[in-house]
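# Here is my input, please return the structure:
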Amino acid sequence: MESKYSHLPLKELKALDDLIPTGADHPITRAELENKAKYDDRTIRNAIHELRATGMSFICSGTKGYYHPTNDEQLIAFYRVEMSRLTHLYEAIKPVEDYLIRTGNIKKETTVAGTTIVK
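Residues are numbered from 1 along each chain as shown. Alright, predicted model coming up:
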C-alpha cells in the first residue's frame, strides 16, 4: 500500500521511521536521513509528514534534526512550537480570508475531521 503524501510503500515508510533516533539528545538531520534512506529531501519531508499526520509515529524536530520523544515533556515542547507556527500562519492569512469573504470571492469554510462546513 502506498502512502498518501510520500508515495512510499508502507514498509519503506516504517523503515524510514526506524532510522529516526529516540531522544532530543540524539537527533538526525534530514541530510543524514537522505543519505541513509537514499531518498531525496522532498520524499523525506513528505514521509515525515505522513508519519506524523497519520499518527503512525510521533516525530519531534528541533534545530538539530528529527527524533522520537522519550517523554511527554519533549512532545509538549514540540506541540507548543508547532501550534505557535500554526497561529502565526493563520494570523498572516486571516486578513486575506476576511477580504475574500467580504468581496464574495469565497465562502467561509471550516474543515473538521475531513468534513467541510460552508458558513
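# show me where pLDDT drops low in the protein?
Within the chain, the stretches with pLDDT under 70 are 1-4, 109-119.
# now the helices for it?
Taking DSSP state H to define them, one finds helices in the chain at 10-19, 30-37, 41-53, 72-102.
# So which of the ones you listed is the most surrounded?
Mean neighbour count (mean count of other CB atoms under 10 Å) peaks for helix 41-53 among those, with a mean of 17. Using the backbone N, CA and C atoms, a C-beta is placed for each residue, glycine as well.
# and residue 40, what are its phi and psi?
When read as degrees, to the nearest 10, the backbone of residue 40 gives phi -80, psi 170.
# wait, doesn't it sit right on residue 31?
No - look at residue 40 against residue 31 with CB atoms under 8 Å: they stay out of range, at 11.0 Å.
# what residues do the two have in common as contacts?
Applying CB atoms under 8 Å, 6 or more residues apart in numbering, one finds that no residue jointly contacts residue 40 and residue 31.
# Please identify the nearest residue in space to the most centrally placed residue in the chain, excluding sequence neighbours.
Nearest to the geometric centre of the chain sits residue 49, at 3.9 Å (CA atoms, centre = their mean). In space, and not counting its chain neighbours, residue 49 is closest to residue 5: 5.2 Å by CB to CB, 6 or more residues apart in numbering.
# Dump the helices of the chain into a markdown table; add distance to residue 65 as well.
Shown next, in a markdown table, are the helices of the chain (distance: least, CB to CB, whole Å):
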| stretch | distance to residue 65 |
| --- | --- |
| helix 10-19 | 11 |
| helix 30-37 | 7 |
| helix 41-53 | 11 |
| helix 72-102 | 13 |
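# Tell me which of those lies nearest to residue 60.
helix 72-102 (4.0 Å; CB to CB).
# Can you name every helix or strand that that closest one contacts?
strand 60-62 (3 or more CB pairs under 8 Å, 6 or more residues apart in numbering; DSSP states H and E).
# Surely residue 22 and residue 66 touch.
No - Residue 22 lies out of contact with residue 66 (CB under 8 Å); the separation is 10.8 Å.
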